[in-house]
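Visitor: Sequence first, then the predicted structure, then my questions.
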Amino acid sequence: MSIELYTWNTPNGRKISAALEEMGLPYNVHPVNISKDEQFAPAFLKISPNNKIPAIIDPDGPGGQPISIFESGAILIYLGQKTGKFWPSDIRAQVPVLEWLMWQMAGFGPMPGQVHHFIALENEADRRYGLARYMKETRRLYAVADRRLADVEFFAGDLSIADFAILGWAWRHTRHQVDLADFPNVKRWYESMMARPATKRGFEVSLG
């Protein structure tokens, strides 16, 4: 049975489509147009009480019973555990996966997301302080990633769900006004990830 994916064409949405393609899981896309406030529809709120995309329903959940999951990080962990792919069985190996997944969820998402907000403001007085603050932090996070990737091929060593999570936001680097040439290890990783056929499909599939 197919995973039902409720999403939109955003970094968080692309994390899940890329992971589903890499894991070889069939899925159906249900666009939730956040520009039209469709995320506030009562039916969607039943599976995503925080009215954010993405969310999934797995009709073949634990015990063969349907289960719904919201929050992209939780979805990635669930899918990794369900398939055994990109999620190590060894607890010690799970630690860096969780560390870098949480790094993305707590920083490399919220911070560039603020850049997305302030860069779109027309009033220069409104945008100046916020844009300077969040662009500085966004570049700091790119530098953290660059240092990590100087020592490893992927964020947790082996390819994992953490890479899909981070890739969703690195995909918008031009919108962050970040030139990946300034972060050569991130650039190498990004180009390697985007060259993967399944990941490429995940970023090309229509999400609305």
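Guide: Received the coordinates, thanks. Numbers count the residues shown, from 1 in each chain.
Visitor: looking at it, Ser160 is touching Val152, isn't it?
Guide: No: the pair Ser160 and Val152 fails to qualify as a contact (Cβ atoms under 8 Å) at a distance of 10.9 Å. Glycine gets a C-beta too; all of them are placed from N, C-alpha and C.
Visitor: what about the two, which has more around it?
Guide: Per other Cβ atoms under 10 Å, whichever of Ser160 and Val152 has more neighbours is Ser160, with 24 against 14.
Visitor: For Met105, see how far away that one is.
Guide: For Ser160, the distance to Met105 under the criterion Cβ to Cβ, to the nearest Å works out to 14 Å.
Visitor: can you list the domains in this structure?
Guide: Following the assignment in automatic domain parsing, the chain carries domains at 3-87+199-204, 91-196.
Visitor: Between its first and last residues, how far does the shortest one reach?
Guide: What that stands for is domain 3-87+199-204. Across its full length, domain 3-87+199-204 reaches 18 Å end to end, with Cα to Cα, to the nearest Å as the criterion.
Visitor: Would you agree His30 falls within a strand?
Guide: Yes: the assignment for His30 by DSSP: H, G, I helix; E, B strand; the rest coil puts it in a strand.
Visitor: Show the contacting residues for Ala55.
Guide: With contacts defined as Cβ atoms under 8 Å, 6 or more residues apart in numbering, the neighbours of Ala55 are Tyr6, Thr7, Phe44, Ile47, Ser48, Ser68, Ile69, Phe70, Ile75.
Visitor: Thr138: which element?
Guide: When secondary structure is defined using DSSP states H and E, the element that contains Thr138 is helix 124-149.
Visitor: Which neighbouring elements make contact with the helix or strand following that helix?
Guide: Using DSSP H and E, the helix or strand that follows helix 124-149 in sequence is helix 161-170. Other elements packing on helix 161-170 under the criterion 3 or more Cβ pairs under 8 Å, 6 or more residues apart in numbering; DSSP states H and E are helix 11-23, helix 72-83, helix 91-106, helix 184-194.
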